[in-house]
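A.B. asks: what follows is a predicted protein model with its sequence.
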Amino acid sequence: MWQLLLSIPAALAAPDAAVLSAAWTAVSQEHAANGRVPVSLKLDDFEQLAKGEVVRRLLPGEGVLAAQGAIYSPHSPSRIWVTIQDPEHLNLAREDLPLQRLPGSTAARRLNYQMVKTPWPLADRQQVFTVEANAGLYASSEKRVWERSVALADRALAADADPDAVWLEHLAGGFVVVSVPEGGSLTVLRIEADPGGRVPADIVSRLSSVTLGRSLKRLRTYAESAAAHYDAGHDTVLYPDGQPMVPGTF
(Lines give C-alpha, C1' and ligand atoms only; values in the text may rest on other atoms or scores of the structure.)
Protein backbone atom coordinates (compact mmCIF):
# COMPACT_ATOMS: atom_id res chain seq x y z
CA MET A 1 0.00 0.00 0.00
CA TRP A 2 2.87 2.36 0.81
CA GLN A 3 4.16 1.93 -2.75
CA LEU A 4 0.82 2.62 -4.41
CA LEU A 5 0.94 5.22 -7.17
CA LEU A 6 -2.26 7.17 -7.75
CA SER A 7 -3.21 9.76 -10.30
CA ILE A 8 -5.96 12.34 -10.74
CA PRO A 9 -7.10 13.22 -14.29
CA ALA A 10 -6.72 16.88 -15.15
CA ALA A 11 -7.74 18.91 -18.15
CA LEU A 12 -4.54 20.95 -18.47
CA ALA A 13 -2.15 20.28 -21.34
CA ALA A 14 1.49 19.82 -20.40
CA PRO A 15 4.83 19.62 -22.24
CA ASP A 16 5.97 16.12 -23.14
CA ALA A 17 7.65 13.89 -20.59
CA ALA A 18 11.16 14.58 -21.90
CA VAL A 19 10.73 18.33 -21.39
CA LEU A 20 9.49 17.94 -17.83
CA SER A 21 12.19 15.40 -17.01
CA ALA A 22 14.88 17.70 -18.40
CA ALA A 23 13.60 20.63 -16.34
CA TRP A 24 13.95 18.60 -13.15
CA THR A 25 17.27 16.97 -14.12
CA ALA A 26 18.79 20.40 -14.76
CA VAL A 27 18.29 21.42 -11.11
CA SER A 28 18.19 18.10 -9.26
CA GLN A 29 21.83 18.14 -8.14
CA GLU A 30 21.56 21.70 -6.90
CA HIS A 31 18.39 20.79 -5.01
CA ALA A 32 20.03 17.69 -3.52
CA ALA A 33 22.89 19.84 -2.24
CA ASN A 34 20.93 22.80 -0.88
CA GLY A 35 17.27 21.78 -0.61
CA ARG A 36 15.38 21.10 2.61
CA VAL A 37 12.43 19.18 1.14
CA PRO A 38 13.34 15.75 -0.30
CA VAL A 39 12.06 15.07 -3.82
CA SER A 40 11.77 11.67 -5.49
CA LEU A 41 10.59 11.63 -9.10
CA LYS A 42 10.55 8.60 -11.39
CA LEU A 43 10.30 8.25 -15.15
CA ASP A 44 6.69 7.10 -14.88
CA ASP A 45 5.84 10.31 -12.99
CA PHE A 46 6.89 12.47 -15.93
CA GLU A 47 4.87 10.32 -18.30
CA GLN A 48 1.75 10.90 -16.19
CA LEU A 49 2.44 14.60 -15.71
CA ALA A 50 2.80 14.98 -19.47
CA LYS A 51 -0.70 13.56 -19.83
CA GLY A 52 -2.04 16.37 -17.65
CA GLU A 53 -2.39 14.28 -14.50
CA VAL A 54 -1.66 15.01 -10.87
CA VAL A 55 0.61 12.32 -9.43
CA ARG A 56 0.60 11.17 -5.81
CA ARG A 57 2.72 8.56 -4.09
CA LEU A 58 2.72 7.23 -0.54
CA LEU A 59 6.29 6.62 0.57
CA PRO A 60 7.60 4.14 3.14
CA GLY A 61 8.75 5.67 6.40
CA GLU A 62 9.91 4.70 9.88
CA GLY A 63 7.25 5.76 12.33
CA VAL A 64 6.00 8.65 10.18
CA LEU A 65 3.80 9.01 7.15
CA ALA A 66 5.54 10.34 4.04
CA ALA A 67 3.54 11.34 0.97
CA GLN A 68 4.55 13.20 -2.16
CA GLY A 69 2.63 14.70 -5.05
CA ALA A 70 3.53 16.55 -8.22
CA ILE A 71 1.71 18.61 -10.83
CA TYR A 72 2.51 20.54 -13.95
CA SER A 73 0.92 23.97 -14.15
CA PRO A 74 0.92 26.33 -17.15
CA HIS A 75 1.33 29.16 -14.66
CA SER A 76 4.70 30.72 -13.86
CA PRO A 77 6.56 29.94 -10.63
CA SER A 78 5.67 33.47 -9.49
CA ARG A 79 1.95 32.76 -9.63
CA ILE A 80 2.35 29.40 -7.91
CA TRP A 81 4.51 31.05 -5.25
CA VAL A 82 2.00 33.80 -4.52
CA THR A 83 -0.70 31.16 -4.08
CA ILE A 84 1.20 28.94 -1.65
CA GLN A 85 2.48 31.98 0.28
CA ASP A 86 -1.07 33.21 0.84
CA PRO A 87 -2.74 30.93 3.44
CA GLU A 88 -5.80 33.15 3.77
CA HIS A 89 -6.44 32.82 0.03
CA LEU A 90 -6.00 29.05 0.06
CA ASN A 91 -7.96 28.67 3.28
CA LEU A 92 -11.19 29.94 1.70
CA ALA A 93 -12.06 26.39 0.72
CA ARG A 94 -10.59 24.58 3.71
CA GLU A 95 -13.06 24.69 6.56
CA ASP A 96 -11.57 21.40 7.78
CA LEU A 97 -8.13 23.03 8.14
CA PRO A 98 -8.60 26.38 9.94
CA LEU A 99 -5.34 28.31 10.13
CA GLN A 100 -4.31 31.05 12.55
CA ARG A 101 -1.21 33.21 12.14
CA LEU A 102 0.54 33.65 15.48
CA PRO A 103 2.36 36.66 16.95
CA GLY A 104 5.99 36.70 15.93
CA SER A 105 5.25 35.97 12.29
CA THR A 106 7.04 37.98 9.64
CA ALA A 107 6.69 38.13 5.86
CA ALA A 108 9.80 35.91 5.59
CA ARG A 109 9.01 33.43 8.37
CA ARG A 110 5.45 32.63 9.33
CA LEU A 111 4.38 31.02 12.57
CA ASN A 112 1.00 29.28 12.40
CA TYR A 113 -1.42 27.34 14.56
CA GLN A 114 -3.63 24.89 12.71
CA MET A 115 -6.47 22.62 13.72
CA VAL A 116 -6.96 19.51 11.58
CA LYS A 117 -10.57 18.37 11.69
CA THR A 118 -10.79 14.58 11.43
CA PRO A 119 -13.80 12.29 11.00
CA TRP A 120 -15.25 10.39 13.95
CA PRO A 121 -14.03 8.39 15.82
CA LEU A 122 -10.62 10.08 15.49
CA ALA A 123 -9.76 13.02 17.72
CA ASP A 124 -8.95 16.29 15.98
CA ARG A 125 -5.25 17.06 15.51
CA GLN A 126 -3.44 20.36 16.05
CA GLN A 127 -0.03 21.80 15.34
CA VAL A 128 2.16 24.87 15.67
CA PHE A 129 4.58 25.18 12.79
CA THR A 130 6.90 27.53 10.91
CA VAL A 131 6.91 28.23 7.19
CA GLU A 132 10.09 29.54 5.60
CA ALA A 133 11.53 30.03 2.11
CA ASN A 134 14.93 28.69 1.07
CA ALA A 135 16.75 31.80 -0.12
CA GLY A 136 20.04 29.95 -0.59
CA LEU A 137 18.59 27.41 -3.01
CA TYR A 138 16.78 30.14 -4.94
CA ALA A 139 20.09 31.94 -5.47
CA SER A 140 22.27 28.92 -6.20
CA SER A 141 19.77 27.57 -8.74
CA GLU A 142 19.66 30.96 -10.49
CA LYS A 143 16.00 31.40 -9.50
CA ARG A 144 14.96 28.11 -11.09
CA VAL A 145 13.96 26.41 -7.81
CA TRP A 146 11.58 27.99 -5.31
CA GLU A 147 11.32 26.04 -2.04
CA ARG A 148 9.09 26.59 0.98
CA SER A 149 9.52 24.26 3.95
CA VAL A 150 7.56 23.62 7.13
CA ALA A 151 8.64 22.40 10.57
CA LEU A 152 7.02 21.99 13.97
CA ALA A 153 7.45 24.81 16.48
CA ASP A 154 6.82 25.22 20.22
CA ARG A 155 3.20 24.24 20.91
CA ALA A 156 3.14 26.57 23.94
CA LEU A 157 2.90 29.46 21.48
CA ALA A 158 -0.73 28.54 20.74
CA ALA A 159 -2.71 30.35 23.42
CA ASP A 160 -6.04 29.05 22.11
CA ALA A 161 -5.10 25.40 21.65
CA ASP A 162 -7.86 22.81 21.96
CA PRO A 163 -7.37 20.76 25.17
CA ASP A 164 -9.15 17.81 23.59
CA ALA A 165 -7.18 17.71 20.35
CA VAL A 166 -4.05 15.59 19.88
CA TRP A 167 -0.76 17.31 19.03
CA LEU A 168 1.17 16.18 15.96
CA GLU A 169 4.44 14.54 17.00
CA HIS A 170 6.28 15.21 13.73
CA LEU A 171 5.79 17.49 10.74
CA ALA A 172 8.15 18.24 7.86
CA GLY A 173 8.10 18.81 4.14
CA GLY A 174 6.85 21.62 1.96
CA PHE A 175 6.66 22.83 -1.63
CA VAL A 176 9.33 22.74 -4.33
CA VAL A 177 8.50 24.75 -7.47
CA VAL A 178 10.69 24.27 -10.54
CA SER A 179 10.63 26.56 -13.56
CA VAL A 180 10.04 24.79 -16.88
CA PRO A 181 12.00 26.66 -19.59
CA GLU A 182 9.34 25.93 -22.21
CA GLY A 183 6.75 27.58 -19.97
CA GLY A 184 4.90 26.89 -16.75
CA SER A 185 6.17 25.13 -13.66
CA LEU A 186 6.51 21.77 -11.99
CA THR A 187 5.41 21.73 -8.36
CA VAL A 188 6.20 19.00 -5.84
CA LEU A 189 4.50 18.81 -2.44
CA ARG A 190 5.90 16.51 0.23
CA ILE A 191 4.35 15.83 3.62
CA GLU A 192 5.95 13.91 6.50
CA ALA A 193 3.85 13.57 9.63
CA ASP A 194 3.30 11.57 12.77
CA PRO A 195 -0.31 12.36 13.76
CA GLY A 196 0.18 11.31 17.38
CA GLY A 197 -2.14 9.07 19.34
CA ARG A 198 -3.20 5.66 18.07
CA VAL A 199 -4.31 5.82 14.47
CA PRO A 200 -4.23 2.78 12.15
CA ALA A 201 -1.70 3.27 9.37
CA ASP A 202 -4.20 2.57 6.59
CA ILE A 203 -6.55 5.30 7.87
CA VAL A 204 -3.70 7.80 8.09
CA SER A 205 -2.63 6.87 4.56
CA ARG A 206 -6.09 7.38 3.10
CA LEU A 207 -6.63 10.71 4.86
CA SER A 208 -3.23 12.02 3.81
CA SER A 209 -3.68 10.91 0.23
CA VAL A 210 -6.99 12.77 0.01
CA THR A 211 -5.51 15.88 1.66
CA LEU A 212 -2.52 15.86 -0.68
CA GLY A 213 -4.70 15.59 -3.76
CA ARG A 214 -7.00 18.37 -2.63
CA SER A 215 -4.09 20.67 -1.87
CA LEU A 216 -2.51 20.18 -5.28
CA LYS A 217 -5.75 20.72 -7.17
CA ARG A 218 -6.58 23.78 -5.07
CA LEU A 219 -3.13 25.21 -5.71
CA ARG A 220 -3.55 24.96 -9.46
CA THR A 221 -7.08 26.39 -9.34
CA TYR A 222 -6.14 29.42 -7.25
CA ALA A 223 -2.99 30.08 -9.28
CA GLU A 224 -5.24 31.04 -12.19
CA SER A 225 -6.55 34.02 -10.21
CA ALA A 226 -3.36 34.83 -8.30
CA ALA A 227 -2.44 37.91 -10.30
CA ALA A 228 -5.89 39.48 -9.88
CA HIS A 229 -6.11 38.50 -6.21
CA TYR A 230 -2.69 39.92 -5.35
CA ASP A 231 -3.37 43.60 -5.88
CA ALA A 232 -2.00 46.79 -4.34
CA GLY A 233 -4.15 46.37 -1.23
CA HIS A 234 -2.86 42.88 -0.44
CA ASP A 235 -0.34 42.12 2.30
CA THR A 236 3.15 41.95 0.84
CA VAL A 237 4.34 38.56 -0.38
CA LEU A 238 8.09 38.02 -0.76
CA TYR A 239 10.14 36.19 -3.34
CA PRO A 240 12.30 33.41 -1.85
CA ASP A 241 15.19 35.88 -1.57
CA GLY A 242 13.13 38.25 0.56
CA GLN A 243 12.41 40.81 -2.15
CA PRO A 244 8.78 42.00 -2.33
CA MET A 245 6.61 40.77 -5.19
CA VAL A 246 5.12 43.77 -6.97
CA PRO A 247 1.46 43.41 -8.01
CA GLY A 248 0.93 43.45 -11.75
CA THR A 249 4.43 42.22 -12.62
CA PHE A 250 3.75 38.50 -12.96
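C.D. replies: Structure's in. What do you need?
A.B. asks: show me the shaky parts of this protein.
C.D. replies: Counting by pLDDT under 70, the chain contains low-confidence residues at 1-13, 60-64, 87-97, 196-210.
A.B. asks: now do the strands in it.
C.D. replies: 5-8, 54-59, 65-73, 99-101, 109-116, 125-133, 145-152, 166-167, 170-179, 185-194 (DSSP state E).
A.B. asks: what helices or strands is the last one leaning on?
C.D. replies: In terms of contact count using 3 or more C-beta pairs under 8 Å, 6 or more residues apart in numbering; DSSP states H and E, strand 185-194 is assigned the packing partners helix 17-34, strand 65-73, helix 77-84, strand 170-179, helix 201-223. For the C-beta atoms, the positions are set from N, CA and C on the backbone; glycine is no exception.
A.B. asks: still on that earlier bit, who wins for proximity to Ala139 among the strands of the chain?
C.D. replies: With C-beta to C-beta, the closest approach to Ala139 among those belongs to strand 145-152: 9.9 Å.
A.B. asks: which of the residues in the closest one are buried?
C.D. replies: Using 16 or more other C-beta atoms under 10 Å as the test for burial, strand 145-152 gives Val145, Trp146, Glu147, Arg148, Ser149, Val150, Leu152.
A.B. asks: count of residues packed around Leu59?
C.D. replies: Leu59: 16 surrounding residues under other C-beta atoms under 10 Å.
A.B. asks: hmm, I typed the wrong one, I wanted Ala193.
C.D. replies: Neighbours of Ala193 under the rule other C-beta under 10 Å: 24.
A.B. asks: ok, now Ala158?
C.D. replies: 20.
A.B. asks: begin at 472, not 1, for the rest of this chat.
C.D. replies: In the new numbering, first residue 472, that becomes Ala629.
A.B. asks: got the phi/psi numbers for it?
C.D. replies: When read as degrees, to the nearest 10, the backbone of Ala629 gives phi -90, psi 100.
A.B. asks: and it, what does it touch?
C.D. replies: Shown in contact with Ala629 (C-beta atoms under 8 Å, 6 or more residues apart in numbering): Gln571, Leu573, Tyr584, Gln597, Val599.
A.B. asks: among these, which two are most distant?
C.D. replies: Leu573 and Gln597, at 12.5 Å, using C-beta to C-beta across the contacts of Ala629.
A.B. asks: what residues do those two have in common as contacts?
C.D. replies: Tyr584, Ala629.
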